[in-house]
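Q: sharing a model prediction with you, sequence too.
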Amino acid sequence: MPVETNNKLRAPRPRQFGGGLLVLFTVLLLLNFIIPSFGSRPPQIAYSDFVTQVQAGKVGQALIGADRIEFTLKPDPAAEPSQPQRPQIYSTTPLAIDLDLPKILRENGVEFGAPPPSNNGWIGTVLSWVIPPLIFFGIWGWLLNRQGGGGPASLTVGKSKARIYSEGSTGVKFTDVAGVDEAKAELQEIVDFLRNADKYTRLGAKIPKGVLLVGPPGTGKTLLGKAIAGEASVPFFSISGSEFIELFVGVGASRVRDLFDQAKQKAPCIVFIDELDALGKSRAQGGMFGGNDEREQTLNQLLTEMDGFEANTGVILVAATNRPEVLDPALRRPGRFDRQVVVDRPDKIGREAILNVHARNVKLAEDVDLGAIAVRTPGFVGADLANLVNEAALLAARNERQSVLMKDFAEAIERVVAGLEKKSRVLNEMEKKVVAYHEVGHAIVGALMPGAGKVEKISIVPRGVGALGYTLQLPEEDRFLMAEDEIRGRIATLLGGRSAEELIFGKVSTGASDDIQKATDLAERSVTLYGMSDYLGPIAFEKQQMQFLDGYQSPRRAVSPKVTEEIDKEVKDIVDRSHHVALAILDQNRNLLEETAQELLNREVLEGESLRERLNKATAPAEMDTWLLSGKLPEGTALMQATLG
Ligand code: ADP
Ligand code: MG
Ligand code: ZN
C-alpha cells in the first residue's frame, strides 16, 4: 500500500473537532442524568402513607416539590438521646389533585416549604443552550471531513488531488514488472534523465516532456507508474485522469494548474496521470453533441501547462491510457507527449517472467513448470496471470495441500478462461444430451480448421455465467495475425455446436446464442474492419479502431443505405458459408460425433490423449479448403440447410 508522505498538496486536515465534541456532549449529558442519582436515594413511600403519618403527627419537616416530597419524622422520644442521628429522609410523589395538603400540614404542625432549586440544574441550562449549535457544527464538520478534501469545501475543490510519493514508498520496483522490457527500458531512461540531467543537457539535448504508456488493460501500466515512483529518487505525483473532472465547472482546469504549480516547485519530479483518456478525449469527438465544456477546459489547461514549462525544468509527465485513439491529437504532438511507449500483451517468454514474479511468494511443487503454463496461456495479460497464480494457490489451500501442484494451475486456467464450475446446476437427461452433442460438434469442427489450436478438453459440467458445457481449445503458439481462412474457420467452429444440434436433433436450442453472437461479430468485423469482403473491398466502415480494447464497437462511418445493405449481405454470406462448412464436416463425421458424444455423456469430461486420438479420426470434406479460402462455394453447390439428416 502506498504510504503518503510529504503530503503538502492537501489542505491540512482540520482536527476532528466534530467527533471530539460529540464525545464531550455525551459525557456531559450522562453526568447530568447520573450525578443527582449518585447519593443514596431516600426510601420511597406511598403518598397515602405520608398523609397518614402527617395526620398521626409524626412528620417533622417536609419539602414539597412539584414532583417530589421529601420529609423527615420527628425524633423518636423513646430513642437513646446519646446517639443523636441525622433524621432519616423519606420521599414520596405528590398528588397534584390533593389541594388540601397544605391545610393538613399546617393543622399537624409540620414545618414545610419548597425545596431550593436543584443544584445540578445549571448544567442542564448551559447544555440546552450549547448543545444544539455544537451538534450542528459537529455534523457539519464531519460531513466536510468525509467529503475527503478536508477543510471547508469551497477552499479545496480547486486543489489537485495528486498523491505524492517519495522514493520507495510505493514498494514497487522495476523488478516487480516483467515481460514488458521495452517499456521498462524506456522508463528507466526517464529516471536517468532526472537523476543525471547534466549528462543530456550538456550536449544540447532536450529531455522529453511527456511519455505516454499505451496498451490493453491489465498489462501493467499503472504498475509501471508505481515502479517509477519506487525507483526514481525524485518526488512522484500520482493522479488519475478522472479526478480532474468534477461536477463543478472550472474545477478540473484549476486542479491542473495547481498540480503543475506544485510539480514545478518540487522539480525535478515526475507527474503520473493514470487513465489519461478520461480528460484527454479528443475535442472533435464531442462536437456533434454539444461537446463537454468542462472536459475541454481541463484539456486546454493541460495543453497550456505542458507548453508552459520549459524543457529541462525537470518535470516529466508520464501518462497511461488504453484508448490512445480517442486522445486529442494536440496532446500527442511532439513537445507534449512526445514519446509513446507500448505496453503490450506479453509473449510466451514475458508470460513466464510474469508468472515467476507472482510465484515468488507461492510454494510451488516440484512438478510445476511455469514455462508450460506460459505456453498454455496465450493472450493472458499480467493481471490475468497474477489472478491465475492466486487462484491456483487458493485451490491448493482448499485441498489442504502442502504446495501448489501443476494440476491446480490447470484447473485455475480453466477457471480464468471459462469461469467457476457450477456443480449445483443439474441438467435433465435431454439437456445433457443436447449439450454433449453441441460441444463435440465444436470440437470436431475445431480440430479440422486451419490455424486453430488443439482441442484440449470437452466438458459438460456447467461453468461460469450460462455456459452449460465448454470446449477448451488452446493455440499452439502466440499468434499476431489471423488469415482470412482462419477467421472463417473460427466462425465455422463457433457454429459447430449449433450445427451438431441441427444434424442430430433436427432442431436447435437456445444454448447457441453466445456462439452466434461471437460468430456474427467476427464476420462483421472481417467486413467492416479488415476489408475481407471481395465485393466491398478494403474500405473501413467503422469510424475508428480500438487498438487495445477488444469487443468495443465504434459507430459506423456515414454510409449510404445501399452500402449498409451490402454489409449485411456480406456478413450473412460469410456466416452462412461457414455454417455450411460446419454442417458438411459433421455430416461426414457423423459416426465419430455420435460415439464421442456418448462417451462424453458417460464421462462428463474428455481430455488428453484419448480425446486427441478420437479427434484425429475426423476427416475434412475435400472441398473444405476452397470454401474457406475463397469464402465462396463452388458453382452449383447448394447451401446445406438445417434439414440435413
Ligand atoms: P493496467 O495496465 O490496466 O494499468 P495494472 O498495472 O493495474 O494494469 O495491472 C494490474 C495488476 O496485474 C498489477 O497490480 C500486477 O499485479 C499485475 N501485472 C500486470 N502487468 C504485470 C507485469 N508486466 N508484471 C507483473 N505483474 C503485472
Ligand atoms: Mg491502470
Ligand atoms: Zn457452443
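A: Thanks, I have it. Ligands and ions are numbered 1, 2, ... in the order given.
Q: contacts, neighbours, all on C-alpha from now
A: Noted.
Q: and the longest helix along the chain, how far out from the chain's middle?
A: In terms of residue count, the longest helix belonging to the chain (DSSP state H) is helix 561-588. What separates the centre of helix 561-588 from the centre of its chain is 38 Å, taken as CA atoms, centre = their mean, to the nearest Å.
Q: for it, name the packing helices and strands.
A: Helix 561-588 sits against helix 429-448, helix 484-505, helix 513-528, helix 624-630, with contacts defined as 3 or more CA pairs under 8 Å, 6 or more residues apart in numbering; DSSP states H and E.
Q: right, and these - which one's nearest Leu593?
A: helix 429-448 (6.4 Å; CA to CA).
Q: and the next element down the chain from that closest one?
A: Per DSSP states H and E, the first helix or strand lying C-terminal to helix 429-448 is strand 454-459.
Q: who's in contact with that following strand?
A: By CA atoms under 8 Å, 6 or more residues apart in numbering, the residues outside strand 454-459 that reach it are 436, 439-440, 443, 446-447, 469-476, 600, 604-608, 611-612.
Q: kindly report the same for stretch 530-538.
A: Stretch 530-538 is contacted from outside by Glu484, Ser526, Val527, Ile539, Ala540, Glu566, Ile567, Glu570, using CA under 8 Å, 6+ apart.
Q: picking up where we left off before, quick one: closest of the helices and strands packed on helix 561-588 to ligand 1.
A: Ligand 1 lies closest to helix 513-528 among those, at 24.4 Å (CA to the nearest ligand atom).
Q: would you indicate which residues of that closest one are buried?
A: Going by neighbour count (16 or more other CA atoms under 10 Å), the buried part of helix 513-528 is 515-516, 518-528.
Q: ok, stretch 577-585 next?
A: By neighbour count on 16+ other CA under 10 Å, the buried set for stretch 577-585 is Arg577, Ser578, His579, His580, Val581, Ala582, Leu583, Ala584, Ile585.
Q: for stretch 394-407, same thing?
A: Result for stretch 394-407 [16+ other CA under 10 Å]: buried residues Leu395, Ala396, Ser403, Val404, Leu405, Met406.
Q: follow-up on the earlier one: a markdown table for the helices and strands packed on helix 561-588, including mean pLDDT and distance to Lys74?
A: Output for these, formatted as a markdown table (pLDDT from 0 to 100; distance: least, CA to CA, whole Å):
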| stretch | mean pLDDT | distance to Lys74 |
| --- | --- | --- |
| helix 429-448 | 92 | 98 |
| helix 484-505 | 92 | 106 |
| helix 513-528 | 90 | 98 |
| helix 624-630 | 77 | 120 |
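Q: quick one on the thing from earlier: after the longest helix of the chain comes which helix or strand?
A: Sequence-wise, the next helix or strand downstream of helix 561-588 (DSSP H and E) is helix 590-603.
Q: so what touches whichever helix or strand comes after that following helix?
A: Remark: after helix 590-603, the chain's next helix or strand is strand 605-607, criterion DSSP H and E. With contacts defined as CA under 8 Å, 6+ apart, strand 605-607 is touched by Glu456, Lys457, Ile458, Ser459, Ile460, Val461, Leu600.
Q: which among these gets closest to Gly57?
A: Gly57 lies nearest to Val461 out of the contacts of strand 605-607, by CA to CA, at 95.7 Å.
Q: so how many other residues sit close to the residue nearest to that closest one when sequence neighbours are not counted?
A: Taking CA to CA, 6 or more residues apart in numbering, and ignoring the residues beside it in sequence, Val461 has Gly469 as its nearest neighbour in space, at 5.6 Å. A total of 23 residues lie near Gly469 under the criterion other CA atoms under 10 Å.
Q: all strands of this structure, in order?
A: Ranges of strands in the chain, per DSSP state E, are 59-64, 69-73, 89-92, 111-113, 163-165, 210-214, 236-240, 269-274, 315-321, 339-342, 454-459, 470-474, 605-607.
Q: tell me what the second one is packed against?
A: It refers to strand 69-73. So strand 69-73, by 3+ CA pairs under 8 Å, 6+ apart, packs with strand 59-64, strand 89-92.
Q: now do that strand: everything it contacts.
A: If you take CA under 8 Å, 6+ apart as the criterion, strand 69-73 is touched by 58-64, 87-94.
Q: how about the first one?
A: Outside of strand 59-64, the residues that reach it under the criterion CA under 8 Å, 6+ apart are 53, 69-75, 94, 109-115.
Q: show me which of those residues are buried.
A: Members of these classed as buried by 16+ other CA under 10 Å are Ile69, Glu70, Phe71, Thr72, Leu73, Pro75, Pro94, Val110, Phe112.
Q: which ones are touching the residue found closest to Gln61 once you drop the neighbours it is linked to in the chain?
A: Among residues not flanking Gln61 along the chain, Glu111 sits closest, at 4.6 Å (CA to CA, 6+ apart). Going by CA under 8 Å, 6+ apart, Glu111 touches Gly60, Gln61, Ala62, Leu105.
Q: mind redoing it with 10 Å?
A: Applying CA atoms under 10 Å, 6 or more residues apart in numbering, we find Glu111 in contact with Val59, Gly60, Gln61, Ala62, Leu63, Phe71, Thr72, Leu105.
Q: could those go into CSV alongside pLDDT?
A: Output for the contacts of Glu111, formatted as CSV (pLDDT from 0 to 100):
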residue, pLDDT
Val59, 84
Gly60, 84
Gln61, 85
Ala62, 86
Leu63, 84
Phe71, 85
Thr72, 85
Leu105, 83
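Q: distance to ligand 1 added to the strands of the chain, as JSON lines?
A: Converted to JSON lines, the strands of the chain look like this (distance: least, CA to the nearest ligand atom, whole Å):
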{"stretch": "strand 59-64", "distance to ligand 1": "76"}
{"stretch": "strand 69-73", "distance to ligand 1": "74"}
{"stretch": "strand 89-92", "distance to ligand 1": "73"}
{"stretch": "strand 111-113", "distance to ligand 1": "80"}
{"stretch": "strand 163-165", "distance to ligand 1": "17"}
{"stretch": "strand 210-214", "distance to ligand 1": "8"}
{"stretch": "strand 236-240", "distance to ligand 1": "11"}
{"stretch": "strand 269-274", "distance to ligand 1": "8"}
{"stretch": "strand 315-321", "distance to ligand 1": "7"}
{"stretch": "strand 339-342", "distance to ligand 1": "11"}
{"stretch": "strand 454-459", "distance to ligand 1": "27"}
{"stretch": "strand 470-474", "distance to ligand 1": "22"}
{"stretch": "strand 605-607", "distance to ligand 1": "30"}
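Q: any idea which of those scores lowest on pLDDT?
A: In terms of average pLDDT, strand 163-165 trails the rest of the strands of the chain, at a mean of 68.
Q: which helix or strand in the protein has the lowest average pLDDT?
A: helix 153-156 (a mean of 50; mean pLDDT, DSSP states H and E).
Q: still on that earlier bit, out of the contacts of strand 605-607, who has the most neighbours?
A: Ile460 (26 neighbours).
Q: got the residues of this protein near ligand 1?
A: Contact residues (CA under 6 Å from any ligand atom) of the chain with ligand 1: 176-180, 217-223, 354, 382-383, 386.
Q: before we move on, the earlier item: now the two most distant members of the buried ones among the contacts of strand 59-64.
A: Most distant of the buried ones among the contacts of strand 59-64, by CA to CA, are Pro75 and Pro94, 23.4 Å apart.
Q: can you list the weak-confidence ranges in the stretch 1-150 of the chain?
A: 1-40, 76-86, 117-122, 144-150 (pLDDT under 70).
Q: please, where are all the helices along it?
A: Residue ranges of the helices in the stretch 1-150 of the chain, as given by DSSP state H, counting those that start in this stretch, are 17-34, 47-55, 101-107, 121-146.
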